[in-house]
Each structure stands twice: as C-alpha cells, then as structure tokens.
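K.L.:
Using only what follows, build the 3D model:
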Amino acid sequence: MQKSIQEKFNQKFNIFLSKNHLHTILIAISGGQDSICLVNLVENFQKKFGKTINITYIYIDHQWTKKSEEQVKHLINIFEKTKKKFVIYQINQLINSELKARELRYNILTKYSKQHGYKYIITAHTQTDKTETFLQHLIRGTSLNGITSFNEYRKFCENIYIYRPLLELKRKEIKWLCRKSYLPIWSDITNYHYTINRNRLRHELIPYINKYFNHNIDKQINNFLINSKLDNEYINQNAIKLYLHSRHKINIAINYKLIYKQHIALQIRTLQIFFFIIHNKILI
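P.N.:
Modelled structure (predicted):
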C-alpha cells in the first residue's frame with residue numbers, strides 16, 4: 001500500500017508541476033499526521049525525480065495549548081533535516097471561534113503568497129476532511145455552490161490557487177502510511193476538544209453514521225459530491241450564457257423580462273453573476 005500511495009502521488013504531483021510550469025511552491029502544514037505525511041511524500045518525490053523546486057513550508061501556530069511551543073520545536077527538528085525553508089507565524093491573540101481562526105489563517109497565507117510570488121498553496125486535506133466539511137456545510141445550511149466548493153483545485157483569491165493532492169486518500173490510509181514510515185507525528189490534544197464542532201463530527205457523528213447507517217460514508221458522500229459538481233457546473237454554464245445574452249451592451253443593466261422567463265435556479269445564478277461583476281460581492 002505504501003508503494004502504491006507514493007507512486008500515485010508521484011504521478012499526480014509531477015503532472016501538476018509540469019502542467020503549471022512551477023518551480024516554487026508553498027506548502028501549508030498543521031503539524032498533524034496528514035501534513036507530516038504530505039511532507040514525506042513531497043520529499044520522497046523530490047529525491048526520486050531530482051526536481052529543482054523551491055519549496056517553502058509554512059505553519060501557523062494559534063497557541064491553543066500550553067505545549068504549542070514544544071510542538072513548534074518538534075516541527076523545527078523535522079524541517080532541519082529537509083533543508084527546506086520553514087516559516088512560522090505565531091498568533092498571540094487567543095481565538096476560540098473555528099471560523100475566525102480559519103479566516104485568519106487564510107488571510108496570512110494570502111498575504112505571504114502575494115508578498116513572495118507563490119501561485120499555488122498546497123494543503124494536506126484528505127477525503128475524510130471533504131466528508132467533514134460537507135456535513136458542516138449541510139448542518140449550517142448551504143447551497144449547491146457551497147457543498148461543491150471543496151475540490152482538488154480551488155481559486156483561493158486573485159491569481160492564487162489551492163491544490164489538495166491527498167484529497168482521494170482517507171485518514172486511515174494516511175495513518176497507516178505514517179506508521180509504516182515511522183513518521184514523527186505530534187499528538188495534538190486540541191483534536192479532542194469537543195467545543196470544536198469538527199471534532200464532534202469526527203469522533204461522534206461520523207463513527208455513528210458508519211456503524212448504524214452506512215459503513216462507507218466517505219465514499220458515498222464523495223460520489224454524491226461528484227454528481228452534484230456536474231449539476232452545479234451545468235447550471236453555472238447556462239447562467240453565464242443567460243447573463244451574457246441578457247446584459248445591456250452599454251448600460252449597467254440586464255433584461256429582467258428575459259430572465260424572468262427562465263427557471264428560478266437560472267434566475268438566481270444570473271443575478272448572482274450580475275451583482276458579483278458590478279459590485280464584486282457574492283449574493284447569497
């Protein structure tokens with residue numbers, strides 16, 4: 001299994017680098033098993049192919065626990081062996097909100113990428129993360145756009161993209177690979193804080209669904225998301241066509257009579273496109 005995962009990663013990663021003509025990449029890590037596994041796969045890839053890639057690893061420390069400093073030292077020891085650039089951002093203000101913490105991380109990654117000219121940010125999200133994110137969005141209430149936004153490639157902001165090369169792997173496969181490779185994994189106690197909604201999903205809801213409703217929930221949700229993405233792309237394409245056909249050639253306006261004749265789903269998407277182009281705001 002280890003050889004198979006590494007070979008699949010090598011093939012996918014090589015295509016990704018060649019297709020985008022990349023010589024510099026930024027890899028965002030969390031310090032957990034997924035990101036340490038990604039580091040191992042990337043380092044093995046570079047050793048095998050001898051690619052001259054300028055790799056920078058970046059870690060954002062929220063200092064949620066008393067052992068945060070020890071975890072940073074642990075990561076420094078790992079990256080000293082790789083001889084790669086390792087950047088650490090420490091957040092002095094304690095943030096208890098998962099959403100606010102995520103927003104802050106993304107702002108830091110965006111700012112750093114723009115300052116240093118990185119086009120792609122690579123993360124270690126897995127298929128299990130995709131399942132958890134889907135359930136979070138579903139519970140909060142979302143749209144077809146919302147549930148299909150967690151993809152292998154995603155536009156992060158202007159001229160910056162996120163690439164998730166491990167998105168086809170489940171967390172248990174990552175765990176197996178880490179144990180097989182004797183990787184130095186730091187056990188993060190915050191992963192078991194149930195005040196964080198994702199942890200409740202991970203340790204309570206998903207195991208419950210797997211046991212009593214569907215033992216392969218990751219696969220089933222992934223299949224649903226693939227089909228939903230196709231439906232969403234079809235609606236978006238038709239909405240773009242409708243917008244181009246209904247917009248005024250000179251003034252900032254659209255032909256509402258023409259739009260009104262269409263299905264409500266197309267009406268909503270067309271208005272969303274209109275407001276985004278005119279005001280750069282997403283109409284929910």
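K.L.:
so what are the domain limits for this protein?
P.N.:
Per the record, the chain has its domains at 2-195, 217-279, by automatic domain parsing.
K.L.:
ok, the closest residue to residue 90 other than its chain neighbours - contacts?
P.N.:
Once flanking residues are discounted, residue 90 sits nearest to residue 61: 4.7 Å by Cβ to Cβ, 6 or more residues apart in numbering. From N, CA and C alone the C-beta is placed, and that goes for glycine too. Residues in contact with residue 61 (Cβ atoms under 8 Å, 6 or more residues apart in numbering) are 68, 71-72, 88-91.
K.L.:
Which of the three states applies to residue 162?
P.N.:
Per DSSP: H, G, I helix; E, B strand; the rest coil, the secondary structure class of residue 162 is strand.
K.L.:
Which residue ranges of the protein form strands?
P.N.:
Along the chain, counting by DSSP state E, strands occupy 24-29, 54-61, 85-90, 120-122, 153-157, 160-163.
K.L.:
Any chance of a markdown table for the ones you listed, columns distance to residue 103?
P.N.:
Below are these laid out as a markdown table (distance: least, Cβ to Cβ, whole Å):
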| stretch | distance to residue 103 |
| --- | --- |
| strand 24-29 | 14 |
| strand 54-61 | 12 |
| strand 85-90 | 14 |
| strand 120-122 | 15 |
| strand 153-157 | 13 |
| strand 160-163 | 15 |
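K.L.:
if we can go back for a sec, just the buried residues from the contacts of residue 61, in ChimeraX please.
P.N.:
With 16 or more other Cβ atoms under 10 Å as the criterion, this ChimeraX line picks the buried residues out of these:
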select :68,71,72,91
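K.L.:
For residue 170, state which of the contacts of residue 61 is nearest.
P.N.:
Closest approach between these and residue 170, by Cβ to Cβ: residue 71, at 24.6 Å.
K.L.:
How much space separates the closest one from residue 88?
P.N.:
Using Cβ to Cβ, to the nearest Å, residue 71 is found at 11 Å from residue 88.
K.L.:
and if you look at residue 20?
P.N.:
From residue 20 over to residue 88 the distance is 27 Å, taken as Cβ to Cβ.
K.L.:
same deal with residue 42?
P.N.:
Applying Cβ to Cβ, the value for residue 42 to residue 88 is 18 Å.
K.L.:
go on, residue 236?
P.N.:
For residue 236, the distance to residue 88 equals 39 Å [Cβ to Cβ].
K.L.:
try residue 52
P.N.:
Remark: distance between residue 52 and residue 88 (Cβ to Cβ) = 25 Å.
K.L.:
so what's residue 144 closest to, chain neighbours aside?
P.N.:
residue 232 is the one closest to residue 144 (Cβ to Cβ, 6+ apart), at 4.8 Å.
K.L.:
can you tell me which residues contact that neighbour?
P.N.:
Neighbour list for residue 232: 144-145, 148 [criterion: Cβ under 8 Å, 6+ apart].
K.L.:
Give me the distance between it and residue 209.
P.N.:
Look at residue 232 and residue 209: by Cβ to Cβ, they are 24 Å apart.
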